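Enquirer: Sharing a model that was predicted from the sequence below.
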Amino acid sequence: MVFYAKDHINYWISFYYEEYKKDKSNESVSAINEMLQDERKKGMIIIYLNFIAHFAQEFVQRLDFFQQQNKPVFPFVEGRLEQLTSYLEGNCIA
């Protein structure tokens, strides 16, 4: 799904904008549209997608490890994304 999202996110902008115009009361569509219209937020989403896609093989290998060890994988992925966010924010400020 990440590879698909990475390759097609530019199509989402117009799709969610049109959906938002049809039904402005839908909170999920409204929130997604707002993020995609904001260049900074959309850029962060694209960076996350590229980061995950780049390290997908490692994530899958780690997932196999975590499944064997009966440990949750989401905290691992979340921690890596938080590290990436800190790195990006720190370098933007610098």
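Expert: Received the coordinates, thanks.

Enquirer: Tell me the pLDDT of the residue nearest to L88 when sequence neighbours are not counted.
Expert: Leaving aside its sequence neighbours, L88 sits nearest to I47 (CB to CB, 6 or more residues apart in numbering; 6.7 Å). All C-beta spots, glycine's among them, are computed from the backbone N, C-alpha and C. Note on I47: pLDDT of 88.

Enquirer: I47: how many residues sit nearby?
Expert: By other CB atoms under 10 Å, the residues close to I47 number 14.

Enquirer: same check, this time on the one 5 residues further on
Expert: I52 is flanked by 19 other residues according to other CB under 10 Å.

Enquirer: Can you read off the pLDDT for P72?
Expert: 69.

Enquirer: Could I get the full set of helices for the protein?
Expert: For the chain, helices defined by DSSP state H occupy the ranges 2-22, 27-37, 39-54, 56-69, 74-93.

Enquirer: between the ones you listed, which gets the lowest average pLDDT?
Expert: Minimum mean pLDDT among these: helix 56-69, a mean of 67.

Enquirer: tally of neighbours for the nearest residue to K6 once chain neighbours are set aside?
Expert: Spatial nearest neighbour of K6, chain neighbours left out: L49 (4.3 Å); criterion: CB to CB, 6+ apart. If you count neighbours by other CB under 10 Å, L49 ends up with 18.

Enquirer: is it true that L49 touches Y4?
Expert: No - counting by CB atoms under 8 Å, L49 does not reach Y4; the two are 9.8 Å apart.

Enquirer: K22 and A31: what is the separation?
Expert: Look at K22 and A31: by CB to CB, to the nearest Å, they are 15 Å apart.

Enquirer: Having no further points to raise, I will conclude here.
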